[in-house]
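Engineer: no sequence on hand, only this structure:
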């Protein structure tokens, strides 16, 4: 029988995949011995036992490294695997915006690369095809990959939805920032969901592919929710009530998404976290708190919109657009959990935010 200290250590090592320094300061941990910031034992335990899903989590922003892994999967090393597991994330949704000049061909190429990596390293990765795979990834201690794209420009016809679903795509953002054949992006004129867009949404519902409106304009977002028979997701955005940026969602959209059973992932991108001064950890937490007050914490989740640590491989420094004071990107899951606990959210609420809420919504969409 393990005592509590042994249980916490085992949970962290087996579940979250990190190395823990001795428990210090009455129930707080240093996740790594050479780091000064401490995380509460309760937060560490919660991350370790929870299914953690980052609904916009990239494996790396070093595209050359990613292409190397995809073309030669054995070049993905044990060190690379441990680095991903150390984040505490069980399932990553590494969606990108496809090449606009030929989105169809670009997305076929991207999916081919992901599937080569998955087939070449089944010891390390699990493709998330069904709701059951979400829990399997954690149980098997593998890195779950939930494949998707940040635009649906690759759907030439509604029939293409089934084609890409067959190749492993399970999430599709309707538009990126610009207007397309489906609807309006957040930084362009927004005429709403088009006739073709409604056909695509219906095809996604039939196939079991999640509709994502993270970058969509407000009208397109609302009309997509109205058109969909399944929950609609905001995989990575923040609250416009706190930051007046077109990429952030107004309360009306958040309410409609939540009413339909959807979930909103909160990002850590400073431009969407705070205006007027540098963003800090508490500013990120404010967006979780706003969603909780508006529609309930059961409709909030993680959508970081970053890779493991956002370090530029050329300079070895954190990329400026990802700097949030008081938040170390590689440990963000633990620090966000710790911060939400300090704000009074309970264990069940945190388990939902860490991944349970998206798991529930995806089960409804894919079921």
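Structural biologist: Good, I have the coordinates. Nothing here was measured: the structure is a model prediction, and the numbers come from that model.
Engineer: which strand of this structure spans the most residues?
Structural biologist: Among the elements of type strand in the chain, defined by DSSP state E, the one spanning the most residues is strand 232-237.
Engineer: quick one: strands adjacent to that strand?
Structural biologist: Using DSSP bridges, strand 232-237 pairs in its sheet with strand 210-212 (parallel), strand 264-266 (parallel).
Engineer: and the contacts of that strand?
Structural biologist: Taking contacts as Cβ atoms under 8 Å, 6 or more residues apart in numbering, the residues outside strand 232-237 that touch it are 55-56, 93, 95, 171, 173, 210-214, 221, 224-225, 247-249, 253-254, 257, 260, 262-267, 272, 303-305, 358, 361, 365. All C-beta atoms are positioned from the backbone trio N, CA, C, and that covers glycine.
Engineer: run the last query once more with 7 Å
Structural biologist: When contacts are defined by Cβ atoms under 7 Å, 6 or more residues apart in numbering, strand 232-237 is touched by residues 55-56, 93, 171, 210-214, 224-225, 247-249, 257, 260, 262-265, 267, 303, 305, 361.
Engineer: domain boundaries for this structure, per the record?
Structural biologist: Recorded structural domains for the chain (assignment: automatic domain parsing) are 1-49, 51-366.
Engineer: export those to TSV and tack on mean pLDDT and mean neighbour count?
Structural biologist: Shown next, in TSV, are the domains of the chain (pLDDT from 0 to 100; neighbours: other Cβ atoms under 10 Å):
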stretch	mean pLDDT	mean neighbour count
domain 1-49	61	16
domain 51-366	97	20
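Engineer: still on that earlier bit, please flag which of the contacts of strand 232-237 sit within strands.
Structural biologist: The members of these that map onto strands under DSSP E are 171, 210-212, 264-265.
Engineer: by contact count, what packs against the lengthiest helix in the chain?
Structural biologist: With secondary structure taken from DSSP state H, the chain has its longest helix at helix 103-120. In terms of contacts (3 or more Cβ pairs under 7 Å, 6 or more residues apart in numbering; DSSP states H and E), helix 103-120 is packed against helix 63-71, strand 125-127.
Engineer: tell me the angle that helix makes with helix 63-71.
Structural biologist: On the basis of axes from the mean of the first three to the mean of the last three Cα atoms, to 10 degrees, helix 103-120 is oriented at 60 degrees to helix 63-71.
Engineer: now residue 123: closest residue in space that isn't a chain neighbour?
Structural biologist: In space, not counting the residues next to it along the chain, residue 123 is nearest to residue 142; the distance is 7.7 Å by Cβ to Cβ, 6 or more residues apart in numbering.
Engineer: got the contact list for that neighbour?
Structural biologist: Contacts were defined as Cβ under 7 Å, 6+ apart; by that measure residue 142 touches 124-126.
Engineer: mind putting the residues you listed into CSV with distance to residue 81?
Structural biologist: Putting the contacts of residue 142 into CSV (distance: Cβ to Cβ, whole Å) gives the following:
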residue, distance to residue 81
124, 5
125, 9
126, 12
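Engineer: any chance of the helices and strands packed on helix 103-120 in TSV, with distance to residue 100 too?
Structural biologist: Converted to TSV, those look like this (distance: least, Cβ to Cβ, whole Å):
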stretch	distance to residue 100
helix 63-71	17
strand 125-127	26
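Engineer: still on that earlier bit, neighbouring contacts of the longest helix of the chain?
Structural biologist: Counting contacts by Cβ under 7 Å, 6+ apart, the residues outside helix 103-120 that touch it are 69-70, 73-74, 76, 96, 98-99, 125, 127, 145, 147, 149, 151, 153-154, 156, 164, 167-169.
Engineer: residue 258 and residue 361: what is the separation?
Structural biologist: The span separating residue 258 from residue 361 equals 10 Å under the rule Cβ to Cβ, to the nearest Å.
Engineer: for residue 324, same thing?
Structural biologist: Computed with Cβ to Cβ, the distance linking residue 324 and residue 361 is 26 Å.
Engineer: same check on residue 140?
Structural biologist: The span separating residue 140 from residue 361 equals 23 Å under the rule Cβ to Cβ.
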